Each structure stands twice: as structure tokens, then as C-alpha cells.
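Colleague: sequence-free structure coming up:
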């Protein structure tokens with residue numbers, strides 16, 4: 001088991017930033033999402049305003065070994081969706097975007113169905129995940145966008161970022177034409 005990160009490692013690990021790590025449903029149930037020391041994405045729930053919590057469950061898709069920038073949203077008590085970037089052992093360091101959804105998140109053993117948002121042949125972040133912390137000091141953008149929202153009809157919308165220029169030496173991305181950003185916004189919908 002790998003130890004938890006130290007403060008000195010924060011600039012190198014985007015898991016210290018979660019775009020929506022906690023939310024509360026209309027009945028007062030609290031849902032908390034976090035990456036554990038093994039970089040698996042976990043969820044825990046409190047039904048009593050944070051006094052007690054359920055045993056944390058892994059919500060990242062089977063085979064995912066590293067996660068970054070997770071967000072969570074609620075449609076109704078127990079029905080939640082989670083978006084995140086994940087890398088599996090066969091990806092060579094590429095990160096794809098995933099959405100996991102549960103209709104029984106308040107049960108003792110919640111179940112999740114998970115899908116990759118993008119085609120794995122075209123990863124969202126190739127050659128590792130770069131939140132661009134260092135680039136922001138020279139005018140670059142941060143890649144900290146992962147948001148989900150249920151529409152009134154039950155469809156789930158997700159917004160993410162795709163790194164269009166992971167290899168700056170061979171990149172053909174038009175920086176000037178895209179306001180000097182190497183990222184492209186991706187918005188998707190999961191129909192129910």
C-alpha cells in the first residue's frame with residue numbers, strides 16, 4: 001500500500017483538487033467522494049449529519065488504477081452520478097473519462113454502473129494526467145473541470161476537458177485560435 005501524499009507532493013498530484021467532493025440530498029444525506037491512498041475512488045455516506053459514515057466503497061470502474069478530478073451530483077436520495085478521469089493498467093498512462101451511476105447509493109452495498117465517456121482509442125489525457133499547475137503561472141489554463149448535472153427529464157450531462165496537445169513537440173493544435181489553451185471542453189449527455 002502506498003502512503004498518503006505529503007504536502008511537498010501536492011503540485012504533482014491533482015487528486016488534492018476535487019471539483020465536487022461532497023453534496024447533500026433533499027433528505028439531508030451527505031455523500032463524500034475521495035481518492036484513497038491507492039488512487040481508487042471511494043464513496044461514503046452519512047445519514048445523520050456526519051456523526052457516522054458508511055464503510056467506504058470503491059466507485060471507480062473495475063480495472064481503474066488511478067483517478068483524478070472527481071465530481072458528484074444527486075438526482076434524488078440514493079440516485080447519484082460520479083464523473084472522473086481514470087487510467088487502467090493497459091492504458092500506458094492514458095486517462096479516459098468515466099461516469100458511474102447508482103440508484104441505491106444509500107444501501108449497505110450500493111451498486112454502480114460505469115461507462116467510459118470517450119473512445120479509449122482517443123484518450124482525454126494521453127501520456128499521463130496534467131492538471132497544468134505549473135502552466136498556470138505562465139498564462140496557461142488549469143484542467144480542473146469535471147461537472148455533472150441531471151436535467152429535469154432525467155438525462156445526465158457531464159462536462160470535461162480533453163488535452164489537445166499532450167506532446168508539445170509534435171502538437172498541431174492551434175493555440176492562438178483557441179485563446180492560448182491546450183484544452184478543449186467536452187460536454188456529453190447520457191440519456192435515460
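Modeller: Ah, there it is. Here the structure is a predicted model, which means the values were calculated and not measured.
Colleague: Of all the residues in the longest strand that the chain contains, which ones are buried?
Modeller: For the chain, the longest strand by residue count, based on DSSP state E, is strand 64-76. For strand 64-76, burial by neighbour count (16 or more other C-beta atoms under 10 Å) applies to 64, 66-75. Glycine gets a C-beta too; all of them are placed from N, C-alpha and C.
Colleague: so what's the residue nearest to the spatial centre of the chain up against?
Modeller: For the chain, the residue lying nearest the average C-alpha position, counting by C-alpha atoms, centre = their mean, turns out to be residue 84 (1.8 Å). For residue 84, the residues meeting the contact criterion (C-beta atoms under 8 Å, 6 or more residues apart in numbering) are 41, 60, 67-71, 97-98, 100, 146.
Colleague: give me the element residue 107 is part of.
Modeller: Element membership for residue 107 (DSSP states H and E) is empty, with no helix or strand holding it.
Colleague: The closest residue to it other than its chain neighbours - how many residues pack around it?
Modeller: Sequence neighbours aside, residue 78 is the residue nearest to residue 107 in space, at 7.4 Å (criterion: C-beta to C-beta, 6 or more residues apart in numbering). Residue 78 has 18 neighbouring residues, counting by other C-beta atoms under 10 Å.
Colleague: mind listing the helices in this structure by residue range?
Modeller: Along the chain, counting by DSSP state H, no stretch forms helices.
Colleague: low-confidence ranges in it?
Modeller: Segments of the chain classed as low confidence (criterion: pLDDT under 70) are 1-20, 90-92, 130-144, 180, 192.
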